[in-house]
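[1] Starting from these lines, generate the structure:
(chains A and B)
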Amino acid sequence: MEAPPVTVMPVTGGTINMMEYLLQGSVLDQALDSLLHRLRGLCDNMEPESFADHELVYLLKGQQGNPFMLRARRSLAHPTAPWHLRYLGQPEVGDKSRHALVRNCVDVAASHSLPDFLNEMGFRMDHEFVAKGHVFRKGALKVVVSKVSRVLVPGNTDNIEPLSLSYLVELSVLAPAGQDTVSEDMRSFAEQLKPLVHLEKIDPKRV
Amino acid sequence: MGVTCVCQVPILEGKSVQQTVDMLHKKLEQLGAVKQGSFFVDCETYHATSNASGKKRQPSKLLYVMHNSETPLSCLALFEGGPYLTADVNFDVLMVKLKSHFQNAKGHKVESRGTRYRYCDFLVKVGTVTMSSSARGISVEVEYCACVVPGDCWNLMKEFMQSFLGSNVPELPSVFAAKPEGLYAPVDCMDTMVQYLELFSKVRKQQVIPGASVR
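    Residues are numbered from 1 along each chain as shown, chains lettered A, B, ... in the order given. As a prediction, this is how the structure comes out:
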């Protein structure tokens, strides 16, 4: 029987075993402009991209073990865009010589019914925040500079208050498991941002 | 995508599933429909393990994860009666991560596979519905690609279906009538999947047809 290309697709697809390599740091509000200036110079020549996102963190609590966490994000600037659902695994303990935090990562684009659907699955919203900032890219490297704000009235993203007087700076790469050379690239990129910002490997469990 | 109707066609008396499918193919070809590749729709069933916190809802509802060859990069997740979620195929990977909370009922995987026909603005898919490699029935999906409003084209679709299904023409799918906006709300791909899910649930409860293993 004639088989069209669609049947070649695996029934269960997706990208298995992607890892996120991450370095984090922060700058005071006053230093933002000089950091953005530096990033514009270092990164790929593209239109400056800014974003305003609302993130909801959901937990599924079991009888035993750690709760299962999922992050659902939607764009406030583009309300019709799909939601972004993200699973982040536990950071790999790995060897000390690795320069970045490494954790398993699954990104899913989803329709707007996502919050209802997660509720039906048994997930409950734990906390929410709004992140506003800028995105830069250099090849596979992604730099996000954002202001994190708490949501004062649940669900109302107009009523927010900044968490601190600084901006969060994140340098990340998504790569298949085992490609540890990317952490080298990240380190040398992070070197070039000094002394404006010190990007470090931060274990979220120790914060 | 257009307005779509999915129905189950009974197996002809004294005939096998394959023979009935062949009869339908012949009728479509006589009409002038042209073969255009093949298709599949599959459905996996997940149930919440006791580990998941479905405390308030007892027993917890089943979660269905479906795929359709017509939208190969999408994954459709449904609870019976809603809510429904359209996601990309990474949702399958997420379900693997969630396996301690949602268990895949392996034996419950149902799929429909078959030939895809085009007849002018109509797309017809005749599929053999199988569950754990035994043929359980026949599905026929008819899509009228030129219209997205069921209220505007249902009579036309019914007439077309009569031409090869005879008396087996289904009633208006309840998924359209159930919408708050009624028959004049535009359709989306989830309406098709809900109809397949209903058909699969019916087939699952059905008795196994003796000697109807596929190939």
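[2] low-confidence ranges in chain A?
    Low-confidence segments of chain A, defined by pLDDT under 70, are located at A:1-15, A:94-95.
[3] Just give me the longest helix of it.
    With residue count as the measure and DSSP state H as the assignment, chain A has helix A:181-193 as its longest helix.
[4] Now do the buried residues in that helix.
    Neighbour-count burial for helix A:181-193, counted by 16 or more other CB atoms under 10 Å in any protein chain shown, picks out A:182-183, A:185-187, A:189-190, A:193. C-betas here are computed from N, CA, C, even on glycine.
[5] Show me which positions of the worst-scoring helix or strand of chain B on mean pLDDT end up buried.
    Each helix and strand of chain B was given a mean pLDDT (mean pLDDT, DSSP states H and E); the minimum falls on helix B:174-177 at a mean of 90. In terms of neighbour count (16+ other CB under 10 Å), helix B:174-177 has its buried residues at B:175-176.
[6] do it and chain A meet?
    No. Helix B:174-177 stays out of contact with chain A when judged by CB under 8 Å from any CB of the partner chain, the minimum separation being 15.4 Å.
[7] right, and the secondary structure at residue 154 would be what?
    I'll assume chain A. The three-state label given to residue A:154 by DSSP: H, G, I helix; E, B strand; the rest coil is coil.
[8] not what I meant, chain B
    Strictly by three-state DSSP, residue B:154 counts as helix.
[9] tell me which strands and helices the least confident helix or strand of chain B is in contact with?
    With contacts defined as 3 or more CB pairs under 8 Å, 6 or more residues apart in numbering or on different chains; DSSP states H and E, the secondary structure elements packing on helix B:174-177 are helix B:189-205.
[10] Contacts for the helix it packs on, please.
    Here helix B:189-205 makes contact (CB atoms under 8 Å, 6 or more residues apart in numbering or on different chains) with B:1, B:4-8, B:41, B:43, B:64, B:66, B:68, B:70-71, B:74, B:76, B:78, B:80, B:84, B:86, B:108, B:110, B:112, B:129, B:131, B:136-137, B:139, B:141, B:143, B:173, B:175-176.
[11] Need the buried ones from those selected in PyMOL.
    In PyMOL, selecting the buried portion of these, with burial taken from 16+ other CB under 10 Å, looks like this:
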select buried, chain B and resi 4+5+6+7+8+41+43+64+66+68+70+71+74+76+78+84+86+108+110+112+129+131+136+137+139+141+143+173+175+176
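[12] Strands along chain A, start to end?
    In chain A, strands defined by DSSP state E lie at A:18-28, A:49-60, A:68-75, A:83-91, A:101-110, A:124-138, A:141-151, A:160-162, A:166-176, listed in chain order.
[13] quick one, which of those strands is nearest to residue B:158?
    Judged by CB to CB, the one of those that comes nearest to residue B:158 is strand A:101-110, at 34.8 Å.
[14] Outside of the closest one itself, list whatever touches it.
    Strand A:101-110 is contacted by residues A:14, A:17-24, A:72, A:82-92, A:94, A:117, A:174, A:177, A:183, A:201-203, B:85-88, B:90-91, B:93-94, B:97 when judged by CB under 8 Å, 6+ apart.
[15] And the lengthiest strand in chain B, what does it pack against?
    The strand that spans the most residues within chain B, counting by DSSP E, is strand B:34-48. If contacts are counted by 3+ CB pairs under 8 Å, 6+ apart, strand B:34-48 sits against strand B:63-68, strand B:102-104, strand B:110-119, strand B:122-131, helix B:189-205.
[16] residues contacting residue B:165?
    Remark: with contacts taken as CB under 8 Å, 6+ apart, residue B:165 is in contact with B:7, B:9, B:140.
[17] Output the longest helix of chain A in CSV, but only the C-alpha positions, please.
    Output in CSV follows, covering the C-alpha atoms of helix A:181-193 (Å, rounded to 0.1, in the frame of the first residue of the first chain):
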residue,chain,number,x,y,z
THR,A,181,31.0,21.7,25.3
VAL,A,182,28.2,24.3,25.3
SER,A,183,29.0,25.1,28.9
GLU,A,184,32.4,26.2,27.7
ASP,A,185,30.9,28.6,25.2
MET,A,186,28.7,29.9,27.9
ARG,A,187,31.6,30.5,30.3
SER,A,188,33.5,32.4,27.7
PHE,A,189,30.5,34.5,26.9
ALA,A,190,29.9,35.2,30.5
GLU,A,191,33.5,36.3,30.8
GLN,A,192,32.8,39.0,28.2
LEU,A,193,30.0,40.4,30.3
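[18] Who are the packing partners of that helix?
    Packing partners of helix A:181-193 (3+ CB pairs under 8 Å, 6+ apart): strand A:18-28, helix A:32-42, strand A:141-151, strand A:166-176.
[19] what about the ones you listed, which gets the closest to residue B:161?
    strand A:18-28 (44.8 Å).
[20] which other helices and strands contact the closest one?
    On a contact count with 3+ CB pairs under 8 Å, 6+ apart, strand A:18-28 meets strand A:101-110, strand A:166-176, helix A:181-193.
[21] does residue A:151 really touch residue A:125, like I thought?
    No. Checked against CB atoms under 8 Å, the pair residue A:151 and residue A:125 is beyond contact range at 10.8 Å.
[22] burial of residue A:198, as a residue count?
    Number of residues near residue A:198 (other CB atoms under 10 Å in any protein chain shown) recorded here: 14.
[23] quick one, what contacts it?
    The neighbours of residue A:198, taking CB under 8 Å, 6+ apart as the test, are A:25, A:190.
[24] Okay, it and chain B: tell me how far apart.
    From residue A:198 across to chain B, the span is 33 Å (CB to the nearest CB, to the nearest Å).
[25] ok, the residue nearest to residue A:85 when sequence neighbours are not counted to residue A:97 distance?
    Counting by CB to CB, 6 or more residues apart in numbering or on different chains, residue A:108 is the residue found nearest to residue A:85 once chain neighbours are left out, at 4.3 Å. Counting by CB to CB, to the nearest Å, the separation of residue A:108 from residue A:97 is 32 Å.
[26] With mean neighbour count and distance to residue B:154 as new columns, can the strands of chain A be given to me in a markdown table?
    Shown next, in a markdown table, are the strands of chain A (neighbours: other CB atoms under 10 Å in any protein chain shown; distance: least, CB to CB, whole Å):
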| stretch | mean neighbour count | distance to residue B:154 |
| --- | --- | --- |
| strand A:18-28 | 20 | 45 |
| strand A:49-60 | 18 | 39 |
| strand A:68-75 | 18 | 35 |
| strand A:83-91 | 18 | 33 |
| strand A:101-110 | 20 | 31 |
| strand A:124-138 | 16 | 41 |
| strand A:141-151 | 19 | 45 |
| strand A:160-162 | 14 | 48 |
| strand A:166-176 | 19 | 46 |
